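Participant: Need a 3D model of the following:
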Amino acid sequence: MNAPGILARARVWLWLLIPAAVFAAYRIYQLRWVCDDAFISFRYAKNLASGLGLVFNAGERVEGYSNFLWTLLSSAGLWCGVDPVSLTWVAGGVCYFGTAGLLFYLSWHLSGGEWLRLGAPVALLCWLLFRDAHVWATSGLETSSVTFLVTALYCTLLRASKRRHYLIAGGLLALALLSRPDSLVYVAGSGLFILISDRRPVRALAVTLLPVLLIYVPYWVWRYGYYGFPFPNTYYAKSAGFPYWSQGILYLRLFFESYYVLILLWPALGYLAWRLSPWTRVRLEDPSRRASILALVFITSYFLYVARVGGDYMFARFLMPVAPIMLFAIELSWRALSTVRRHDWLFAIALAALLVLRWDPFPDSRYRYMVVDESRVYPRVWHDVSRIAGAHLNRCLEGLPIRVVAGGERMAWAYYSDLPVILEGTGGLTDTALAHQTLTTRSRPGHEKWATPEFLETRRYHLLLSAPYYNERPIDSLRRILVAGLKLTLVTYDNELMEQMRSRPDVEFIHLPSYLDSLLAGSADTSQAARQERMTFLTRFYFDHNADTVRRLAMEARLRDVVQQTASAYAAPSARR
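Facilitator: Numbering: from 1, shown residues only. Down below sits the predicted model:
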């Protein structure tokens with residue numbers, strides 16, 4: 001190994017990778033955002049830090065999150081007075097660059113740890129220029145941390161030869177399971193890899209599974225006892241137990257249409273599989289052999305899982321945990337094919353450039369195949385506005401026993417308002433009754449179990465944190481309410497609650513008892529159909545939730561009078577004939 005050669009190679013690496021790393025840091029900061037679903041975890045974290053337990057609403061044990069470790073991290077930050085949005089941004093960025101460091105290690109591993117044999121870091125360079133890796137480095141969700149854990153698991157299993165290596169791999173598997181339950185795919189993949197590639201597979205598998213049994217199984221027993229179901233409520237809300245192959249294939253297709261250069265992954269996987277066949281005679285000690293087996297197992301099994309569950313409604317999110325391994329599989333196959341080392345740099349630069357010059361499937365932020373780029377739907381300005389709106393709601397409604405419904409786009413309002421009872425109404429993530437509904441037809445993943453008006457009225461919810469959720473008939477104007485200038489919707493009218501709200505500043509709505517009195521004092525000149533429609537509405541909206549017998553009987557009597565007058569009008573011509 002000569003010093004000038006090492007220095008020259010290091011200079012090339014620095015000139016290329018340092019600007020790429022600076023660009024990645026800039027893009028992560030520029031694209032930083034927070035997803036609406038993150039505020040569900042943040043509310044659990046806030047309640048835990050406040051001593052109410054790991055619950056969304058006090059006294060209701062529903063597991064509406066699927067990122068236990070991430071929620072604990074957010075709770076620890078809140079307990080220390082740190083905003084969870086800022087904390088998760090920093091933690092996500094650290095995990096992103098941690099993954100970049102692991103990709104450097106993988107290139108180093110292929111070279112046998114020798115600087116002069118170290119080729120171009122194809123996977124690392126692509127990762128530093130990967131737009132959706134930058135997007136999901138923040139978001140407030142656990143995506144970046146799971147990606148780091150899966151990549152660390154890959155690196156650990158790749159060099160596993162001693163007991164401690166398998167123990168570390170098992171610990172990473174346990175952490176991945178605590179971060180996201182679908183990491184069970186990697187447990188199965190790791191077990192298959194060990195059985196295929198290790199000389200003493202039974203012992204190695206037992207040692208790997210030991211941390212999972214000691215860490216994850218006790219956690220699972222606790223959460224089953226605490227929440228009462230074997231899987232998180234999100235599993236039932238998203239119908240994850242039912243195959244949705246058609247949508248899952250579209251999800252994968254959209255990703256590869258956008259990052260068209262990653263189509264190279266498929267011939268790369270085919271070539272890696274061929275190299276493992278007996279007639280190619282790849283040496284058992286060749287570092288690329290184990291890397292090829294593990295890449296094939298992880299990528300194939302995870303793609304099958306994504307296709308089966310229907311993917312996700314958030315573009316690229318479900319594929320991020322395996323994306324670094326996808327990039328490394330391409331590098332691995334290129335290294336096996338390439339005979340001239342200087343061509344590695346040309347290939348790395350060309351691949352990274354084409355990755356940057358991707359096709360954007362969401363130029364106008366609209367849905368495609370029921371998938372959307374959520375980072376454009378919820379930019380930073382949305383978060384800033386939501387924080388202000390939540391503060392106004394808290395100021396106007398604090399201390400009231402109000403039951404609120406929030407759609408996904410209003411979860412930030414709900415979080416910052418800190419109201420006592422909140423329902424996530426567009427997917428049933430925080431309600432077991434909604435989540436366990438049976439689906440007859442499939443639609444957008446994660447948004448198939450809406451809270452219907454009848455459901456909300458039966459459960460006596462009061463306020464919807466959005467513009468009208470109901471048909472805009474004239475009678476629906478009674479549902480309109482302004483809270484600090486925010487246009488919201490009344491689901492049901494509770495006299496006792498509304499009288500308290502009536503005395504609050506910056507709260508405006510139609511006072512139902514006064515409205516009914518004016519109706520009863522007026523003339524009965526409207527049609528029978530109009531009066532019947534109004535009575536049906538008032539029954540569901542008001543009378544079923546309030547003991548107002550006098551007004552109810554009076555309204556029913558007025559309706560009977562109209563019916564009798566109409567009947568008499570039809571009978572009179574017949575009598576004259």
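
Participant: from here on, contacts and neighbour counts on C-alpha atoms
Facilitator: Will do.

Participant: Tell me the spacing between the residue nearest to residue 34 when sequence neighbours are not counted and residue 246.
Facilitator: In space, and not counting its chain neighbours, residue 34 is closest to residue 139: 4.0 Å by CA to CA, 6 or more residues apart in numbering. Distance, residue 139 to residue 246, by CA to CA, to the nearest Å: 27 Å.

Participant: Between those two, tell me which one has more neighbours.
Facilitator: residue 139 (26 against 13; other CA atoms under 10 Å).

Participant: most centrally placed residue in the chain?
Facilitator: By CA atoms, centre = their mean, the chain has its centre lying nearest to residue 37, at 5.5 Å.

Participant: Run a quick neighbour tally on residue 319.
Facilitator: So residue 319, with other CA under 10 Å, has 23 neighbours.

Participant: my bad, residue 63
Facilitator: 27.

Participant: Contact partners for residue 547?
Facilitator: Applying CA atoms under 8 Å, 6 or more residues apart in numbering to residue 547 gives no contacts.

Participant: Wasn't it part of a strand?
Facilitator: No - read with DSSP: H, G, I helix; E, B strand; the rest coil, residue 547 is coil and lies in no strand.

Participant: Please report phi then psi for it.
Facilitator: phi -90, psi 70 (degrees, to the nearest 10).

Participant: From residue 84, how far out is the nearest residue to residue 380 once chain neighbours are set aside?
Facilitator: Among residues not flanking residue 380 along the chain, residue 33 sits closest, at 5.3 Å (CA to CA, 6+ apart). Using CA to CA, residue 33 is found at 12 Å from residue 84.

Participant: what sits in contact with each of those two?
Facilitator: Counting by CA under 8 Å, 6+ apart, the residues touching both residue 33 and residue 84 are residue 140.

Participant: what bits of the stretch 301-450 of the chain have low per-residue confidence?
Facilitator: Filtered on pLDDT under 70, the stretch 301-450 of the chain yields the residue ranges 339-342.

Participant: try it again with 80
Facilitator: For the stretch 301-450 of the chain, the stretches with pLDDT under 80 are 338-344, 364-365, 408, 440.

Participant: Wait, residue 172 touches residue 151, no?
Facilitator: No - taking CA atoms under 8 Å as the definition, residue 172 is not a contact partner of residue 151, at 9.8 Å.

Participant: so how many other residues sit close to residue 151?
Facilitator: Around residue 151 there are 23 residues (other CA under 10 Å).

Participant: Hmm, residue 100 and it touching each other?
Facilitator: No - between residue 151 and residue 100 there is no contact, the gap being 9.5 Å when judged by CA under 8 Å.

Participant: what's the distance between the residue nearest to residue 380 and residue 269?
Facilitator: 34 Å.

Participant: Please say which of those two ends up with more neighbours.
Facilitator: A count of neighbours by other CA under 10 Å puts residue 33 above the other of residue 33 and residue 269, at 26 against 22.

Participant: What residues of stretch 122-134 count as buried?
Facilitator: For stretch 122-134, the neighbour count (16 or more other CA atoms under 10 Å) marks 122-134 as buried.

Participant: How far away from the center of its chain is it?
Facilitator: Relative to its parent chain, stretch 122-134 has a centroid offset of 22 Å by CA atoms, centre = their mean, to the nearest Å.

Participant: Kindly format the C-alpha coordinates of that stretch as PDB.
Facilitator: Output in PDB follows, covering the C-alpha atoms of stretch 122-134 (Å, rounded to 0.1, in the frame of the first residue of the first chain):
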ATOM      1  CA  VAL A 122     -22.000   4.300  -5.600                       C
ATOM      2  CA  ALA A 123     -24.600   3.700  -2.900                       C
ATOM      3  CA  LEU A 124     -23.300   6.500  -0.600                       C
ATOM      4  CA  LEU A 125     -23.200   9.100  -3.300                       C
ATOM      5  CA  CYS A 126     -26.700   8.200  -4.500                       C
ATOM      6  CA  TRP A 127     -28.000   8.300  -0.900                       C
ATOM      7  CA  LEU A 128     -26.600  11.800  -0.400                       C
ATOM      8  CA  LEU A 129     -28.500  13.000  -3.500                       C
ATOM      9  CA  PHE A 130     -31.700  11.000  -3.000                       C
ATOM     10  CA  ARG A 131     -34.600  13.500  -2.900                       C
ATOM     11  CA  ASP A 132     -37.100  11.300  -0.900                       C
ATOM     12  CA  ALA A 133     -34.400  10.300   1.500                       C
ATOM     13  CA  HIS A 134     -34.000  14.000   2.300                       C
END
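
Participant: got a list of contacts for that stretch?
Facilitator: 17, 20-21, 23-24, 27-28, 31, 96, 100, 103-104, 316, 320, 324, 327-328, 330-331, 344-345, 347-349, 351-352, 355-356.

Participant: taking those residues one by one, which sit in helices?
Facilitator: If you go by DSSP state H, the contacts of stretch 122-134 have 17, 20-21, 23-24, 27-28, 31, 96, 100, 103-104, 324, 327-328, 330-331, 344-345, 347-349, 351-352, 355-356 in helices.

Participant: before we move on, back to that, can you flag the buried ones in the contacts of stretch 122-134?
Facilitator: By 16+ other CA under 10 Å, the contacts of stretch 122-134 give 17, 20-21, 24, 27-28, 31, 96, 100, 103-104, 316, 320, 324, 327-328, 330-331, 344-345, 347-349, 351-352, 355 as buried.

Participant: just to revisit the earlier point, the residue nearest to residue 380 and residue 375 touch, don't they?
Facilitator: Yes - at 6.4 Å, residue 33 counts as touching residue 375 under the criterion of CA under 8 Å.
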